[in-house]
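[1] Starting from these lines, generate the structure:
(one chain, ligands or ions: 1)
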Amino acid sequence: MLRGKALPASTHDQRLLDTRGSVDWLHQDPWRVLRIQAEFVEGFGLLAELGPAVSVFGSARLRPGSPHYDLAERVGRGLARAGYAVITGGGPGIMEAGNKGANEDGMSVGLGIELPFEQELNSHLDIGISFRYFFVRKTMFIKYSQAFVVLPGGFGTLDELFEALTLVQTGKITRFPIVLVGTEFWSPLMDWFRGTLAAEGVISPDDPDLLYLTDDPEEVVRMITEAHREGGRRLEERAALEAAEEEAGT
Ligand SMILES: C/C(=C\CNc1ncnc2c1ncn2[C@@H]1O[C@H](COP(=O)(O)O)[C@@H](O)[C@H]1O)CO
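    Have a look, this model is predicted:
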């Protein structure tokens, strides 16, 4: 309810029909919500029928010829051959490598982000979406992936790793595998988790076990398929238990 000096100078109809007015309102927060909503709708719509998928994260800066680029391509290929769609940030570097590997034998998805400088989605995608908002894009990675694979990267990669890790640690999402690829690159971080964070009591001693560490693309695929199978078995067991309890009237 608005009264007195809070009343606007014009009516909603006037503002709707006045084509000469300022367009500043388009950039106000209440209207931004609709754009955010539209982004969710587009993402959910395009990814709804994706099937089992794995997100592959890693540096935007590493180029072909880097051993990590090669590793990411092999990871993408292995995952695609095992029947997983591969989702990346759709950009260059490790993202491009993961998509390139997947694109040859399976479904390759890029969830790009609008950045202050011009940048195109890489050319190895079956589905490509560009997001304005990081948080909408992050929701898509989480919602449509059964596992995360993290190759060497900088702040963007660490942000994605910690997002996934926090959600699993706090039980906000079902536990699923987070695989770090590149033992030399990631070991100092794992040592810090155990030697400092766990030692200081700011994480649980078993929290570092939420992460797998390997250099072998085949092991990445094996870990993920096994965890997936195990998760499916647990769900079946729980469903059977619930059905038995219901039948027994307990
Ligand atoms: C730096 C350059 C381009 C950046 N382009 C990106 N496109 C899409 N996604 C990106 C980009 N940069 C970061 N990301 C996301 O973060 C991760 C990589 O970040 P890092 O800081 O390089 O580790 C990646 O997984 C993306 O999801 C010019 O080449």
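[2] Get me the contact residues on the chain for the ligand.
    57-61, 89-92, 95, 112-113, 115, 119, 153-157, 160 (C-beta under 6 Å from any ligand atom). Every C-beta, even on glycine, is put in place using the N, C-alpha and C of the backbone.
[3] quick one, what contacts residue 148?
    Residue 148 makes contact with 54-57, 141, 160-161, 164, 176-179, according to C-beta atoms under 8 Å, 6 or more residues apart in numbering.
[4] ditto for residue 55
    Residue 55 sits next to 86-88, 141, 145, 147-149, 160 when contact means C-beta under 8 Å, 6+ apart.
[5] Filter those down to just the ones in strands.
    Judged by DSSP state E, the subset of the contacts of residue 55 located in strands is 86-88, 147-149.
[6] Just give the closest residue to the spatially most central residue of the chain, not the sequence neighbours.
    The centre of the chain sits closest to residue 141, judged by C-alpha atoms, centre = their mean, with a distance of 2.3 Å. The shortest distance from residue 141 to any residue other than its chain neighbours is 4.8 Å, reached at residue 55 (C-beta to C-beta, 6 or more residues apart in numbering).
[7] how about the one you found, secondary structure?
    On the three-state scheme (DSSP: H, G, I helix; E, B strand; the rest coil), residue 55 is labelled strand.
[8] average pLDDT across the longest helix along the chain?
    The longest helix of the chain (DSSP state H) is helix 217-248. Across helix 217-248, pLDDT averages out at 85.
[9] okay but residue 167 is in contact with residue 178, surely?
    No: with contact defined as C-beta atoms under 8 Å, residue 167 and residue 178 do not form a contacting pair (9.9 Å).
[10] thinking again about what came up before, switch the ones in strands among the contacts of residue 55 over to TSV; also include pLDDT.
    Shown next, in TSV, are these (pLDDT from 0 to 100):
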residue	pLDDT
86	98
87	98
88	98
147	96
148	97
149	98
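[11] Pull the most distant pair out of those.
    Pairwise distances across those (C-beta to C-beta) peak at 13.5 Å, for the pair 88 and 147.
[12] Compare the two (neighbour count), which wins?
    More crowded of residue 88 and residue 147, by other C-beta atoms under 10 Å: residue 88, with 32 against 25.
[13] doesn't residue 59 make contact with the more buried one?
    No: with contact defined as C-beta under 8 Å, residue 88 does not count as touching residue 59 (11.4 Å).
[14] Are there residues contacting both of these two? Which ones?
    Between them, residue 88 and residue 59 share the contacting residues residue 94, judged by C-beta under 8 Å, 6+ apart.
[15] Tell me where this protein has strands.
    Using DSSP E, strands in the chain cover 53-57, 85-88, 108-113, 127-131, 147-150, 178-181, 211-214.
[16] Single out the most deeply packed of those.
    Greatest average neighbour count among the strands of the chain goes to strand 85-88 (a mean of 29), per mean count of other C-beta atoms under 10 Å.
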